Structure formats: C-alpha cells, structure tokens
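Asker: Only the shape, not the letters, is given here:
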Ligand SMILES: Cc1ccn(O)c(=O)c1
Ligand SMILES: [Zn+2]
C-alpha cells in the first residue's frame, strides 16, 4: 500500500481511499471564524490548567513527515473543555514551503507559516496513548499558530539549533539541557477556541478535543528555514515542507470560544 504523504499522488485528497473516516463529520483541521464561535462561560468557570514538567533528556526525532518530541515526564492538563486529566505524549509541527502557508487551522481563511501541536491523551480514562487514540474523548491537542518576527523564539531555539542532527528520516537525538515544554505556550492561554475534531494525519481518528490558542508564538525566518531543511528520507531526499492538511467543513459542530 502506498504510504500516505502530502504529494500529488498520496496527499490529503487521496487519504479517504485507505482511511474512509477522512469523509467523516468531525474531521480536522477547520477554518476558525471567530464571529461564528459561541462564547461559553463554562470554559472560564473551570479554567484550562497546564502542569508541565521538565524533560531531563527530551527525545527529538524525524519520523519523515514532521519533527517530533516524545515526552516521558508527567506533564498534564485539565479544565476548560476537558473532563479528567490529559497527559502530554508528544509535540510536533506542520509548516509551509513559504511563509504564506503552513498551518492546518486557518483564521478567517488565513494560513499562518506553521502550527505547533501538543498532543495529550486522557490519562484518567485510558492507560496509554495507543488505547486512547481512537476513543471519542481520547485526545486533547493544543494548536498554536506560529508567526514571523525578527527575534527567534527562545523556547524553540533549543530545538531549531539542533534540527541539523535529525535532518534525515529516522534520526533521533536527545536534547542535552533539561527542557520544559511550557516554554512553547503563548503568554495568554485563557483565550482559545475549542471544538471536537480528529487527528490531521492518517488514521484521522475522530478522537481529538482541539484547543487552538488565539495568541500565536513568534519565530524568526531563520527558524522557519531550519524546519524547511529537514528531509523526508535519507540524504538527497525532498525537504519536509507543506506537511499540512487543508481545512474540512465544520458541519453541525459548535465552535466554542473561551473569550468574547
Ligand atoms: C496524534 C497526532 C498525529 C498527527 N498529528 O498531526 C496530530 O496533530 C496528532
Ligand atoms: Zn499535528
């Protein structure tokens, strides 16, 4: 079976052949239209809480279609739209070949140059990510937009400075310095949109409570270039760029906002 990807022959429009849920009713990403979001005070009565811990030697790897950090320490979130405690499993990014594209969620039809996903699983109900991944309340993913600024993002710099060491597929390294993923969050995590959706890559399980923050984090052009220098395979293979799925219809879903 041809493996899925983002090319003309194996990209998002072809995924439904092997993963019929791609045509489902709670697919992600979506276009976020703030005026269509319903402000829900229940989200603020029970504020979203993040308790992330430092990773002593965080593993960073190149699985071939993104760059991913696997989390071992106990980093958990709760509150907001979530029932129970969700544990951070991994984070990764989606980015463009140019600054005009790259994010998966869009804001009033606008794409950002990249989007960071912090993937958590419902540790109250399930014993592992693998058990939670296909359950309707199994996962919670933070979506954070990246925008270009003249200054590098210090938290991401620990990663972008070493991406050359995971340039090729299946390469992995450990970040020497202790790393707390909390440095990746925007300053204000009280302003977000939330809706019920899915993984944005196969198997596209409809198991994700999405929490997309209004405030982007700011990265430099050089940091974007570092992401675009990652390769899909071994030396000489194509760069990893435009690894984003375009938005799907919201359909009958309610998009909620934690703010007015
Ligand atoms: C679990 C999972 C896998 C892929 N992506 O893109 C996600 O955002 C989450
Ligand atoms: Zn993702």
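Answerer: Everything's here; your move. Fair warning: this is a prediction, and the values are worked out from it, not measured in the lab. Numbering: from 1, shown residues only. Ligands and ions are numbered 1, 2, ... in the order given.
Asker: Not counting its own residues, what contacts the helix or strand bottoming out on mean pLDDT in the chain?
Answerer: Of all helical and strand segments in the chain, the minimum by mean pLDDT, DSSP states H and E falls on helix 42-45, at a mean of 95. Residues outside helix 42-45 that contact it (C-beta atoms under 8 Å, 6 or more residues apart in numbering): 80, 81, 190, 194, 256, 257, 258, 259. Heads up, the C-betas are built off the backbone N, CA and C, glycines and all.
Asker: let's go with 6 Å and repeat that
Answerer: Contact with helix 42-45 is made by 80, 258, as judged by C-beta atoms under 6 Å, 6 or more residues apart in numbering.
Asker: Stretch 48-65 too?
Answerer: Contacts to stretch 48-65, defined as C-beta under 6 Å, 6+ apart, come from residues 68-70, 73-80, 166, 169, 171-175, 178-182, 230, 232, 243.
Asker: Span of it from start to end?
Answerer: Using C-alpha to C-alpha, to the nearest Å, one end of stretch 48-65 lies 30 Å from the other.
Asker: about what we covered before: strand partners of the helix or strand following the least confident helix or strand of the chain, parallel vs antiparallel please.
Answerer: As assigned by DSSP states H and E, the chain's next helix or strand after helix 42-45 is strand 49-51. Note on strand 49-51: by DSSP bridges, its sheet partners are strand 76-78 (antiparallel).
Asker: Any of the contacts of stretch 48-65 buried? List them.
Answerer: If you count burial by 16 or more other C-beta atoms under 10 Å, the buried members of the contacts of stretch 48-65 come out as 68-69, 73, 75-78, 80, 166, 169, 171, 175, 179, 181, 230, 232, 243.
Asker: Just the ones in strands from these, please.
Answerer: 68, 69, 76, 77, 78 (DSSP state E).
Asker: Out of the residues you listed, the closest to ligand 1 would be?
Answerer: Nearest to ligand 1 among those, counting by C-beta to the nearest ligand atom, is residue 68 at 8.8 Å.
Asker: What parts of this structure come near ligand 1?
Answerer: 117, 119, 141, 199, 200, 201 (C-beta under 6 Å from any ligand atom).
Asker: make it 8 Å
Answerer: 28, 66, 89-90, 92, 94, 104, 117, 119, 129, 133, 139, 141, 199-201, 208 (C-beta under 8 Å from any ligand atom).
Asker: Show me those residues that map onto strands.
Answerer: 89, 90, 92, 94, 117, 119, 139, 141, 208.
Asker: Please spell out the PyMOL selection for the buried subset of these.
Answerer: Applying 16+ other C-beta under 10 Å to these, the buried members can be selected in PyMOL as follows:
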select buried, resi 89+90+92+94+117+119+139+141+208
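Asker: Check the secondary structure at residue 22 for me.
Answerer: Under DSSP: H, G, I helix; E, B strand; the rest coil, the three-state class of residue 22 is helix.
Asker: any idea how far the closest residue to it other than its chain neighbours lies from ligand 1?
Answerer: Among residues not flanking residue 22 along the chain, residue 16 sits closest, at 4.0 Å (C-beta to C-beta, 6 or more residues apart in numbering). As for residue 16, its distance to ligand 1 is 17 Å (criterion: C-beta to the nearest ligand atom, to the nearest Å).
Asker: hang on, residue 16 in a strand?
Answerer: No: going by three-state DSSP, the assignment for residue 16 is helix, not a strand.
Asker: burial measure for it, as a count.
Answerer: Using other C-beta atoms under 10 Å, residue 16 has 13 other residues around it.
Asker: Residue 32 contacts residue 107, doesn't it?
Answerer: Yes: the pair residue 32 / residue 107 is scored as a contact, 5.2 Å apart, by C-beta atoms under 6 Å.
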